[in-house]
Each structure stands twice: as C-alpha cells, then as structure tokens.
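Peer 1: Whatever this is, show me its structure:
(4 chains)
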There are 2 protein chains.
Amino acid sequence: MKTDTVFKRAFNDALDLISKLGEGESLPSENTLSASLGVSRTTVRKVLSTLAAGGVVSGDPRHRIVRTAHDPMHRFPEAETVATAAQVEKRFMEWMLRDNARPGTAINELELARQFGVATTGIREFLNRFQRFGLIEKRPNSGWVFKGFTIDFALELFEIREMFELRSARVFAALPESSPLWRQIELLRAEHVTLLGEIEERFHDFSDLDSRFHRLINSAAPNRFIDGFYDIITLIFHYHYQWNKRDERQRNEVAIREHLSYIEALLGRSIPETERACRAHLASARETLIRSTSDKQPATSKPGRGR
Amino acid sequence: MKTDTVFKRAFNDALDLISKLGEGESLPSENTLSASLGVSRTTVRKVLSTLAAGGVVSGDPRHRIVRTAHDPMHRFPEAETVATAAQVEKRFMEWMLRDNARPGTAINELELARQFGVATTGIREFLNRFQRFGLIEKRPNSGWVFKGFTIDFALELFEIREMFELRSARVFAALPESSPLWRQIELLRAEHVTLLGEIEERFHDFSDLDSRFHRLINSAAPNRFIDGFYDIITLIFHYHYQWNKRDERQRNEVAIREHLSYIEALLGRSIPETERACRAHLASARETLIRSTSDKQPATSKPGRGR
DNA sequence: TAATTGTTCTTTCTAGACAAAAACCAACCC
DNA sequence: GGGTTGGTTTTTGTCTAGAAAGAACAATTA
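Peer 2: Here you go, the predicted model:
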C-alpha cells in the first residue's frame, strides 16, 4: 500500500500557511493551494477536509475561513512526511558511510529490508538507482556487493570531476558580457563574502552554497551527463559531511576562500587563472575526501557468493 | 513468481555440451557442470534430473553416462531463456528507437506493462536503471517523461565521449613498452584487417569489435565512471544499429579504416597523431548518429502531467 | 464563461506472496 | 579427506493487490 507521506507533509505545510493568515481570513482556492503546496488538488481536498473536521477552517466550501490561526491541530511528526524511498536512501547512506561498511561486503536485500523496516521492493528499487554511483555492483540471481568507499573511489571520482569542472569553467570564463550568468555569479560571490563573515555560526550552510556554485559553473554549457555526475557529487558530499564533523568549520572556511579566488579569476575573464584556481580548489576537496575514506582491506569473509 | 529462464538456458546449454560428448561417455561432476554452465549446483541438479527423466543420461548419480548424444530431448525456445528484465530492456529500446517515440511523450508504467506482458514492477525496475542514460526523467508520484532521442542527446553524449576517449588515448600512447596492452592492441589490429578483407559478408561483426576496441583503450587507466559511461554508448549503439541498416556496410568499412589509423597512431606512440585520429573517428561516428536522431518537435500534447 | 468545486477514473507506490535459484550443511565414498 | 552427492535454508525475481495521489471530466456558481 502507498504511504500517505505526501498528505502529511502537505497538511503540515498547510498549517504553516494558515498560521501566516489571520483569524477570520478566507482561504485561497483549492487550485491555488494545490500550486503553493506542490501537490494535486485531490490531496489538497483531503487536507482541507481534515482541517475542517478539526475545526481549523469553517464549512462553506466556496468560502472557507480560518477559525483558529494559532493553537491549531497537532502536526504530523517529521519522520512520517518522507516517502519510503527517501528513507531507504538515508538509512543506506548511513549504513555505508557512518557504519563504515567494509569493501567486499555482500548486500542482502532481505536483511536490509528487515533492518530498515520496509519491503524488499523498496530496497531493490533503491539499489537499482544507486548502482550508477559506482559503489555497488550486481551479481545476477545472487545479490549485490559493496565495493567500498575507498581511496580508489575518491580518486576516480575526482578525476572525472576535474575534467568536467575545467571544461565548464573554461566555457564560463569565455561567456559573452551579455550573459545573465555574470550577474548570478556576482550574487554568489556576495553570498560567499557574507557567509565568511559569519563563519563561526553558519559554517553548516556552506554545503548548500557549494553545490549551487558548482552547478552554476556547469550551467554555462549544460550537458545532461555532467549534471547527472553532479548528482553523485552532491549526494556523496551531503551525507559524507553530515557524519564527518572533524575540522568542519575550518575546512569550510578554506573552501570559501578557494571559491572566492576561483570566482575572482572567472570575473577577470582569465582562463589560465581560472584553471589554476579551479585545480587548487578541487585538489584540496579531494584531499579532504581521501582523508576520510575507509580504506581498510577487503573483508576476509567470502566476498559475495561465488559459485 | 520467478521465471525459470535460468534453468531453461542451462538445459539447452547442457544439451549442446552433451552432443559434444560421445554416447556412453561419462558426464563431469555436478560442480564442474555448475562452473561450465555458469549456474548454481541446484540448477544443475534440476537439469540433470530432467535429462535423466528424458532418458538422455543414465541413472547412477555417481557415474552418469550419456545415452543418446544425437537426437536428444527438444530444446526450450530461445524466447523462454531470457529473463523478464532483459526482455523489458529489448522491448523498451524497440519502442524508443524503432517506433521513434516523440520527445516529451509521457511514459505510462501500467500501459508499458500491459504492452510488454509483464508486471509493473518489472517496468519500474527497468526505468529506474535506465534513468542514468539521460533519455527519461522522473516526476515523483506522477510518472516518467521521455526526453527524446534527439540531436541534443547525441551532441551531449559525444562531448563526454570525446573527453573520455582523448584522455584514455593519451594515457594509452604513453604506456611503457612492457605493458601487455600493446600486444592486445596488435591482436585487435589484426582482427580489423581480417574483417576489412571479408567486409562484404561479415560487416555485422563490426559492432562487437568496435565495443571491444574502445574498451581496450579505456583499460589503459581504468575509471569506473568512464566504464559506466561506455555502458551507455554500447547499449545505444547496439540497439541503434540493429534498426538502422542504411549504408551499414559502407559505414562500418569507413569506421574500420578510421580505427586502423587510430591504432597506427597509438602504435607509433605519437600523442598528437593519436589525438588527430581519435577526433576524426569520433566526429564521423557522431555524424552517423546525428543523421538518424528523431529530431521532431516535442509532442504538442501536454508534456507529462503538470499540476 | 471562466473559475471553482464535486465526482469518477487512472496511475503510482508499497506491501506481501511464492516459486526459482543460490547457498549452506550434512552425509557419503572411493 | 578432498571431492561428490543429498537434503535444507535463505535469498532473489516476479506477480498480484490495494490504498494514496494524480488527472480528467462534469456540475455549479458568480
């Protein structure tokens, strides 16, 4: 059966929305709500009827009115608002990065399903999508092998990343003056400067800024395969940095400064300067990642199930 | 329920194997058969008991003997020996490339399942794996959109392909004399020369040779992401050329000659020469692909299901 | 008549079931 | 005692089912 996480998240969002409205104010139409909550009208109607049943909005469908803006119904817990698929991703990344799974470990669909509390279908679907990240491999009729979050993985990842990023940076630096990207990168520079000023409190915010910066560079000449590759980078870094807090503030400060020289070089329209700054930044990012790879020997227990 | 395609293929292979043995000869052990048929011993035992029931081999398990080497039991039809997943791939590629699906077409899991005669699960699994090929895109809770086998796709594909192949070719040309790859590429050159001599009859064999050649180049410095990208190339070309027979003989002849100059350049250890030959080959391959892309306008009907 | 709500139909997501295939363990045997 | 076969257990591949979410169509209201 499908979970109703979409409904629950929409319901919570609707409560937020209502609390911004005053008491006695009228609600927007179902279509408008559908757009602002990002769900279908069917779900909006379910939310509205739940709200009406709880006495938060008044009855007339043509003219719904907010009854109690504050102290409304209780929200659904955060955990119930994420789809199974998303939860599987989170739990798997946790298993892999935080629990430091050994290279060569056999992945058992059934066991993971039990461990994560979902059906095997959900695990299979995730593993199939995750395959492209190069960290697992399938043995037909047998199962999956975890190849390990190793130095090799980091090196291969960064070899491609450097090729792609240099290519995009060169294109970016050669962009015509009329390109709207110049304005966007100046805005991003400002964001970097601001964040640097408040680095002590806000260093966690760098992760998102980093992703947006690199994706902006790539947007100079869009290529779906490069975009797809950046999904890998983003996912790995997102989870990796969530569980590797060592020197986080300092690492991020260094990275921001590297970004700033990189941006300066781009704004200076100098391709050699850009390349230098880009290479320097990627080299230090690579070092950070390598330092935390679990480069143990492959598990001594039978690797997978050989025939 | 699981299909028994593994058993049926193993059974057919076992018949082939037996026909190579004489009548009265004794069969290898279950373990040996398991290795040579590429299935588990469980499946081997099922095959053996079927064979015994059909009177093809004698009874004593410790010493099985071939009864009738020729005129044995009837083989299972080819179609029953391929797993559902593989059939879905074939049918989908057919739908996409041969039936020339329009860019923007919504992909309906249920409809495809009905059309292909499999359960929706099979379709979902395929689509999830196929997503990385950059030809489809997912709308959560809604469905998939086919982005089209367009000129843009071909251009983006070849931009990456050129980056990867030039990188690998440069590494290859700089390989030490002691590398075993030099011997391998000489063997491949010989295969090219042979095929060129018999091009009139054997031009279909080029597809496989092409794939092996490019994968050899890439093996000079293995990178899982490049390997993964070559899976895309291989799949696209495999199916594409199966349904685009126009000028096939001539196209392949040209490609073989290009490969040969490419190989000569590599054997000459000349990086500039190698780059030139590599670029020339990829440019003509790109032209071929572009010429056959379905570059129609996106379908005018609602693209996907917007909210 | 254009936007809004009501109703119905379709499709996606997830659980659950079950045979096929693999893996494991025990007995056997020159 | 290492290889071989006989049972048993575990896991994978695929189908079916059913509620949630989306989409389409009809009715209604201003």
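Peer 1: gap between the two ends of stretch A:216-226?
Peer 2: 12 Å (Cα to Cα, to the nearest Å).
Peer 1: Show residues contacting that stretch.
Peer 2: A:164-165, A:167-169, A:171-172, A:175, A:181, A:184-185, A:188, A:227, A:230, B:134, B:153, B:156-157, B:159-160, B:229 (Cβ atoms under 8 Å, 6 or more residues apart in numbering or on different chains). Yep, even glycine has a C-beta here, placed from its N, CA and C like the rest.
Peer 1: Quick check: buried residues in that stretch?
Peer 2: A:Leu216, A:Ile217, A:Asn218, A:Ala220, A:Ala221, A:Asn223, A:Arg224, A:Phe225, A:Ile226 (16 or more other Cβ atoms under 10 Å in any protein chain shown).
Peer 1: In which helix or strand does the last one reside?
Peer 2: Right, A:Ile226. helix A:224-243 (DSSP states H and E).
Peer 1: Quick one: neighbours of A:Arg161, just the number.
Peer 2: A:Arg161 has 20 neighbours, counted by other Cβ atoms under 10 Å in any protein chain shown.
Peer 1: Go ahead and confirm it touches A:Ile232.
Peer 2: No. The pair A:Arg161 / A:Ile232 is not scored as a contact, 9.2 Å apart, by Cβ atoms under 8 Å.
Peer 1: circling back to that earlier point, now the element after the helix holding A:Ile226, going C-ward?
Peer 2: helix A:248-267.
Peer 1: angle of that following helix against helix A:224-243?
Peer 2: Orientation check (axes from the mean of the first three to the mean of the last three Cα atoms, to 10 degrees): helix A:248-267 against helix A:224-243 gives 150 degrees.
Peer 1: what comes up buried for helix A:248-267?
Peer 2: A:Arg251, A:Asn252, A:Glu253, A:Ala255, A:Ile256, A:Glu258, A:His259, A:Ser261, A:Tyr262, A:Ile263, A:Ala265, A:Leu266.
Peer 1: could you dump those residues to JSON lines with pLDDT and distance to A:Asp13?
Peer 2: Formatted as JSON lines, those follow (pLDDT from 0 to 100; distance: Cβ to Cβ, whole Å):
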{"residue": "A:Arg251", "pLDDT": "91", "distance to A:Asp13": "34"}
{"residue": "A:Asn252", "pLDDT": "92", "distance to A:Asp13": "30"}
{"residue": "A:Glu253", "pLDDT": "94", "distance to A:Asp13": "35"}
{"residue": "A:Ala255", "pLDDT": "95", "distance to A:Asp13": "33"}
{"residue": "A:Ile256", "pLDDT": "97", "distance to A:Asp13": "32"}
{"residue": "A:Glu258", "pLDDT": "98", "distance to A:Asp13": "37"}
{"residue": "A:His259", "pLDDT": "98", "distance to A:Asp13": "33"}
{"residue": "A:Ser261", "pLDDT": "97", "distance to A:Asp13": "40"}
{"residue": "A:Tyr262", "pLDDT": "98", "distance to A:Asp13": "37"}
{"residue": "A:Ile263", "pLDDT": "98", "distance to A:Asp13": "35"}
{"residue": "A:Ala265", "pLDDT": "97", "distance to A:Asp13": "42"}
{"residue": "A:Leu266", "pLDDT": "98", "distance to A:Asp13": "38"}
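Peer 1: DNA strand D next: which of those residues are close?
Peer 2: With the criterion set as Cβ under 7 Å from any atom of the strand, no member of the buried residues of helix A:248-267 is near DNA strand D.
Peer 1: now those in TSV, with distance to A:Asn141?
Peer 2: Formatted as TSV, the buried residues of helix A:248-267 follow (distance: Cβ to Cβ, whole Å):
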residue	distance to A:Asn141
A:Arg251	44
A:Asn252	45
A:Glu253	50
A:Ala255	45
A:Ile256	49
A:Glu258	47
A:His259	47
A:Ser261	52
A:Tyr262	48
A:Ile263	51
A:Ala265	52
A:Leu266	51
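Peer 1: Just name the closest of these to A:Gln87, please.
Peer 2: A:Asn252 (27.7 Å; Cβ to Cβ).
Peer 1: wait, doesn't that closest one sit right on A:Ile199?
Peer 2: Yes. With contact defined as Cβ under 8 Å, A:Asn252 counts as touching A:Ile199 (7.1 Å).
Peer 1: returning to that earlier point: just the buried ones from the contacts of stretch A:216-226?
Peer 2: By 16+ other Cβ under 10 Å, the contacts of stretch A:216-226 give A:164-165, A:167-169, A:172, A:175, A:185, A:188, A:230, B:134, B:153, B:156-157, B:159-160, B:229 as buried.
Peer 1: hang on, the earlier thing: farthest pair within the buried residues of stretch A:216-226?
Peer 2: Longest span within those, Cβ to Cβ: A:Leu216 and A:Phe225, 17.8 Å.
Peer 1: ok, which residues in the stretch 51-200 of chain A are in contact with DNA strand D?
Peer 2: A:62, A:107-111, A:120-121, A:124, A:140-144.
Peer 1: most neighbours, which of these?
Peer 2: Result: A:Trp144 is most packed of those (other Cβ under 10 Å), 22 neighbours.
Peer 1: Which residue is the nearest non-sequential neighbour of it?
Peer 2: Spatially, and ignoring its direct neighbours in sequence, A:Trp144 is nearest to A:Ile107 (3.9 Å; Cβ to Cβ, 6 or more residues apart in numbering or on different chains).
Peer 1: Understood, closing this out.
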